[in-house]
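A.B. asks: My questions are about this predicted structure, shown below with the sequence.
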2 protein chains.
Amino acid sequence: MTALQSFDARTGQPIDPPVGHPLLATTPEQLDAIAQAAAAAAPIWAASDGAVRARLLDALATALEAQREELVALADAETGLGPARLQGELDRTAFQLRRFGRMAQDGVPFRHVDDPAVAGAAPVGHPAMLRVRVPLGPVAMFAASNFPFAFSVLGGDTAAALAAGCPVVVKAHNGHLLLADRVFALIQAVLKAQGLPAGLIGLVQGEGNAIGTQLIRHPAIAAGAFTGSTRGGAALQAEASARPRPIPFYGELGSVNPVIALPHALRAKGAELAATLAGSITLGSGQFCTSPGVIVLLDDPASDAFVQQLTTALVAQQPHAMLTPGLRQAFDAGVGRWTQAGVQPLLLEAADAAQPPRPVLVQVDAARFIGTPQLHDEVFGPASLIVRAHSVAEAVQVLQALGGSLTVTLWGADEESADAQALVRAAMQMAGRVLFAGVPTGVAVTAAQQHGGPWPASTQPLTTSVGDAALDRFLRPVALQDMPAWLAARAGRPV
Amino acid sequence: MTALQSFDARTGQPIDPPVGHPLLATTPEQLDAIAQAAAAAAPIWAASDGAVRARLLDALATALEAQREELVALADAETGLGPARLQGELDRTAFQLRRFGRMAQDGVPFRHVDDPAVAGAAPVGHPAMLRVRVPLGPVAMFAASNFPFAFSVLGGDTAAALAAGCPVVVKAHNGHLLLADRVFALIQAVLKAQGLPAGLIGLVQGEGNAIGTQLIRHPAIAAGAFTGSTRGGAALQAEASARPRPIPFYGELGSVNPVIALPHALRAKGAELAATLAGSITLGSGQFCTSPGVIVLLDDPASDAFVQQLTTALVAQQPHAMLTPGLRQAFDAGVGRWTQAGVQPLLLEAADAAQPPRPVLVQVDAARFIGTPQLHDEVFGPASLIVRAHSVAEAVQVLQALGGSLTVTLWGADEESADAQALVRAAMQMAGRVLFAGVPTGVAVTAAQQHGGPWPASTQPLTTSVGDAALDRFLRPVALQDMPAWLAARAGRPV
């Protein structure tokens, strides 16, 4: 039995687990039993109706809220994200659990296409067909470091999978092990109270990559869902593809979230936009997948003024400690790669690894940016790279060089013009979400949301990990041809 | 310049290309130019409206029909599939071109989710969002050997991609190069007549894997679509994933299409079912992805009688020559693997490689089948493997051992029972289409169709390569947040 250790994100000091309840790494035998229990729960849960799914999701939301104070305090100690942010994140987590519950209750997973027989010869004639969707089976869910509630044990992937009719086995993130353990205890109590199989939601934990690899390779696992680094996601994607039976893998990975600010927008309200952008760059110490990492400015006095305004606004920001020492090291190394690539430092204070990071702002010419692939990688933390373009055409080339991102933000595309059209086209070609106001941090859980995009934003750019369409990832279409009356009477509900 | 050679499928003799129009392998430089031309056409075609797309698809269908006699004669010489089948396949091809045209005209690619702003704090409050879909860009389409029209140059993937707003670069199949060339000439004439970019539809050809690898790796290619062998599809999937920027790859691969025949169904009409099944096994010389390769029978005198009936019905079948000598060799080798694995031969005549193949029927016990993975692989050709199960539970285990298939056919599940439920559940868990009557060959192009399933049936089991939902593979969702009035006025139409 390998003991695991939780740490205080601010002090680096160990946090002890509750007395008599040590944090132990899941053994291979335990993981196998947990995956088998999920597989045993799969047909039961697949056959549940929407009301049963909604009742579970509602109860999980209520249980989270009932333990709000302790959970937020624990999350704050383990992540350093601060109580206000974590209260909001818990609210969002409860909201999305209930929202997916409503979708199940409203019958979204059971929607079907009824396609009656057409008499006559093919291709016009065809047999009776009903297109339904079946839950994939147990989903391996990999918790994220930076959202201890909303992308963790009871996060959006878990809510969507449960609403779709799939059991979940969560790989806890090592950055918040005690919180994961506490949330899992809450889940077990709810499952027991509702008479549902304990195996419907499992939790595994361990150091290094072995536990995650064992989980995604397990024959009982039918899909993977991951939020995290490009490297980690690519490794798990490769494992999912290398299985004797490859399975769908939904990885939400890195993103630089370019912001393109046209001069007339900056002339109108540059100071206000600079303050907003500085807040977005440093929010959560820059540890958001939607953090704006590239700011594209055109040659114009308004852009020069904006650089000054943004630098000044960033100096005033006080980012908190990063989630883990490893993320902090990666941040410092990423900034180091920028400087090695010859960018111009605008705000770059000497890093004291014992203190929270300071905001970083650097600048580079668009031609150099386009020709320097190492500048296209995400630097996860409170840092942003200004890219100076000589024309809208060159700004478009910057987007094309990046190739994929969760978001692109366009400031100054309010009026139709050839420039606005070119930028909108390029942005839509490489991002899952295009914003025309505000900043990309803050992702609404809503019907039209799209949180995903071409590589490296996502391994499956046609899907989303946030918003109502997240449910679709866990349901596979099946066409029932010439089905008997007893099956037709179920109208798409599982057998 | 490497000359390519077409062959008569029946005689193995070379077929000369038209005088002055040699068949030449596409050079790497030519492929690059073709892919670049597709990329240049992409924004133009993405901005086209549904009427323009429908006009092209309709004209392509009409052009196919106008050259029906020559095209069918050429296809028949190169594939040996016979004029009747090829006439029907051309009808289907024209039908699906027009059907996707109607979908474009009806606005399917432009459908959107309008999600107005909700005032108040998150998570309830959110900005205005519009969820639209954008065409992925140029699609690399790999033609299949066994459908020279319907899964080839102007096949379903091409129709769906064009309707979605994507250019297509087709890799011709070496089994029908002259037909591909002739169809491509027809396409070029239609594109010219409609004033559309010649690069909207490209064609490449060559021996070996190099040309396909170069195509799927090309930076201008945004997605791949493939119909063919598991090995070929897996290799291309690996190439698509190994790109600096991985892209979606839709591979429709191998499938054994189990048929489970319960005794009461066989008692009622065994002779009729045996005749139907024998026809399905040998249809097109068994060269269908939906060909029934595994027949599961329970211990019962009706099953024994059915084995006799099926054997007798198969003896009377006269499969035609296979598409290529390579497919014939693979068929003989696959049957050889069966016999090496110790199956009982029921119908197994000595193979004369110079003659068309004879139908093959072998039998094995379910326990042995389940424990022998090499029996789970598809044998492409007029052969089927009877699996004798002692119980419905064991029949379920057979399906679970297979894991993935395009189809499962259940004869005798007409009345609700625990057995019927267990079989339906297991079938839905591992197949994209479940049939309750008839045979799996013959796939309707219709609204509810699902032609895909868990590995090895498909690399993307949530998608389909046949039916209306095939369109969805080539459109990526994008959320537009706080969009300006000029963009809102387009209501989801491309910029």
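C.D. replies: That came in fine, so what should we check first? The model shown is predicted, which means the values in this text are computed figures rather than measured ones.
A.B. asks: domain assignment for chain A?
C.D. replies: Per automatic domain parsing, the structural domains of chain A span A:6-253+A:458-488, A:259-435.
A.B. asks: ok, A:Gln481 - how many residues close by?
C.D. replies: By other C-beta atoms under 10 Å in any protein chain shown, the residues close to A:Gln481 number 25. For glycine as for every other residue, the C-beta is placed from the backbone atoms N, C-alpha and C.
A.B. asks: quick one: contacts for the closest residue to it other than its chain neighbours?
C.D. replies: For A:Gln481, ignoring the flanking residues on the chain, the nearest one in space by C-beta to C-beta, 6 or more residues apart in numbering or on different chains is B:Leu435 at 4.4 Å. Shown in contact with B:Leu435 (C-beta atoms under 8 Å, 6 or more residues apart in numbering or on different chains): A:481-482, B:407-410.
A.B. asks: with the residues you listed in mind, which one is nearest to B:Ser384?
C.D. replies: Within the contacts of B:Leu435, the smallest distance to B:Ser384 is 12.0 Å, found for B:Thr409 (C-beta to C-beta).
A.B. asks: pretty sure the closest one is touching B:Ala265, no?
C.D. replies: No. Contact criterion C-beta atoms under 8 Å: B:Thr409 and B:Ala265 do not qualify, at 10.8 Å.
A.B. asks: Please identify which of those two sits among more neighbours.
C.D. replies: B:Thr409 (28 against 19).
A.B. asks: The nearest residue to A:Glu65 once chain neighbours are set aside: helix or strand, and which one exactly?
C.D. replies: Leaving aside its chain neighbours, A:Glu65 sits nearest to A:Ala94 (5.4 Å; criterion: C-beta to C-beta, 6+ apart). Per DSSP states H and E: A:Ala94 is located in helix A:83-105.
A.B. asks: Off-centre distance for that helix?
C.D. replies: Here helix A:83-105 is found 15 Å from its chain centre; the criterion is C-alpha atoms, centre = their mean, to the nearest Å.
A.B. asks: Next: stretch A:175-183.
C.D. replies: 18 Å.
A.B. asks: ok, now stretch A:386-405?
C.D. replies: Taking C-alpha atoms, centre = their mean, one finds stretch A:386-405 lying 25 Å from the centre of the chain it belongs to.
A.B. asks: And for stretch A:456-463?
C.D. replies: 11 Å.
A.B. asks: what mean pLDDT does it have?
C.D. replies: Mean pLDDT, computed over stretch A:456-463, is 97.
A.B. asks: okay, how far is it across stretch A:362-372, tip to tip?
C.D. replies: Stretch A:362-372 has an end-to-end distance of 15 Å (C-alpha to C-alpha, to the nearest Å).
A.B. asks: what does it contact?
C.D. replies: Applying C-beta under 8 Å, 6+ apart, the contact partners of stretch A:362-372 are A:296, A:307, A:335, A:338-339, A:341-348, A:375-376, A:383-390, A:394-395, A:397-398, A:401.
A.B. asks: Show the model's pLDDT score for A:Pro325.
C.D. replies: 92.
A.B. asks: same thing with A:Gly492?
C.D. replies: For A:Gly492, pLDDT reads 69.
A.B. asks: before we move on, what about the one 3 residues further on?
C.D. replies: Model confidence at A:Val495, given as pLDDT, is 78.
A.B. asks: SS state for it?
C.D. replies: With DSSP: H, G, I helix; E, B strand; the rest coil as the basis, A:Val495 sits in coil.
A.B. asks: I'd like to know how many residues surround it.
C.D. replies: Neighbours of A:Val495 (other C-beta under 10 Å): 19.
A.B. asks: which residues sit in contact with it?
C.D. replies: A:47, A:487, B:421, B:424-425, B:428.
A.B. asks: From the residues you listed, which land in helices?
C.D. replies: A:487, B:421, B:424-425, B:428 (DSSP state H).
A.B. asks: how much space between A:Asp181 and A:Met1?
C.D. replies: 15 Å (C-beta to C-beta, to the nearest Å).
A.B. asks: Can you tell me the closest non-neighbouring residue to A:Ala159?
C.D. replies: Nearest to A:Ala159 is A:Phe100, by C-beta to C-beta, 6+ apart, at 4.2 Å.
A.B. asks: In this structure the one you found contacts A:Ala163, no?
C.D. replies: Yes. Proximity of A:Phe100 to A:Ala163 meets the contact threshold set by C-beta under 8 Å, at 3.8 Å.
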